[in-house]
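>>> Okay, predicted coordinates and the sequence, questions at the end:
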Amino acid sequence: MLSSGMEKAINAQINAEFYSSYLYLSMSAHFESMSLAGMASWMKMQAQEEMFHGMKMYDFVHERGSKVTLATISKPPGKWKNPLAVFTEVLKHEQKVTALINELVNHALDERDHATNIFLQWFVTEQVEEEASVSAIVDKLKMIGNDANGLFVLDQELGQRVFTMPLA
Ligand code: FEO
């Protein structure tokens, strides 16, 4: 069983993961409204991935014989200046999530909760991958600047992404 402090901390992270999903779905809707179908699709996959992250934690809490308590999911923003502003926000958001995961790991180590520590290592690795992939898109958007052709090509490229359920 998780300690009550650890239970509370993972429940808070479940909320953060579901908020991430909601935020990326809002970004997907924004791209749909801008006729950037590839970016809209990329964000929808990202939203699915975040839902998977939340559910992975949800299942873990139950596996440990503890209780999931769902809380309100905050309203995400719905408008951005341009695609660069959207992906810059994604990168900042992911950096924040990385900090939250690191805090959870510290919490597990403080409690000598080895099972939770091992469980969280998957998320530590996942965050490295997430930050790297978003950072690469931010770099490309900076290179593209106001070039409509470049944006068109990147939109096509991001539209190729397919959602594959990560291995649990
Ligand atoms: Fe679940 Fe993008 O971190």
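Now that the structure is in, tell me what you want to look at.
>>> Let me know the secondary structure of Asn146.
At Asn146, secondary structure determined by DSSP: H, G, I helix; E, B strand; the rest coil is coil.
>>> Report the secondary structure element holding Lys67.
For Lys67, there is no host helix or strand (DSSP states H and E).
>>> burial measure for the closest residue to Thr116 other than its chain neighbours, as a count.
Spatial nearest neighbour of Thr116, chain neighbours left out: Ala108 (4.2 Å); criterion: CB to CB, 6 or more residues apart in numbering. In short, each C-beta sits where N, CA and C put it, glycine included. Residues near Ala108, counting by other CB atoms under 10 Å, number 23.
>>> Just to check, Ala108 is in contact with Phe123?
No - contact criterion CB atoms under 8 Å: Ala108 and Phe123 do not qualify, at 11.3 Å.
>>> which one is the closest residue to the ligand within the chain nearest to, not counting chain neighbours?
Residue nearest to the ligand within the chain: His53 (3.7 Å; CB to the nearest ligand atom). Spatial nearest neighbour of His53, excluding adjacent residues (CB to CB, 6+ apart): Glu17 at 4.3 Å.
>>> And the helix or strand containing the one you found, what does it pack against?
Assigned by DSSP H and E, Glu17 belongs to helix 4-33. The contact analysis (3 or more CB pairs under 8 Å, 6 or more residues apart in numbering; DSSP states H and E) places helix 4-33 against helix 37-63, helix 83-110.
>>> Relative to Met165, which of these is closest?
helix 37-63 (6.7 Å; CB to CB).
>>> Now do the closest one against helix 83-110, angle only.
10 degrees (axes from the mean of the first three to the mean of the last three CA atoms, to 10 degrees).
>>> what comes up buried for helix 37-63?
For helix 37-63, burial by neighbour count (16 or more other CB atoms under 10 Å) applies to 38-47, 49-54, 56-58, 60-61.
>>> Stretch 71-84 now?
Under 16+ other CB under 10 Å, the buried positions of stretch 71-84 are Pro76, Trp80, Pro83, Leu84.
>>> try stretch 84-95
By neighbour count with 16+ other CB under 10 Å, stretch 84-95 contains the buried residues Leu84, Val86, Phe87, Thr88, Glu89, Val90, Leu91, His93, Glu94.
>>> Kindly report the same for stretch 109-121.
Asp113, Thr116, Asn117, Phe119, Leu120.
>>> I'd like those residues written out as CSV, with distance to Thr72 added.
CSV is the format used below for those (distance: CB to CB, whole Å):
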residue, distance to Thr72
Asp113, 27
Thr116, 25
Asn117, 29
Phe119, 25
Leu120, 24
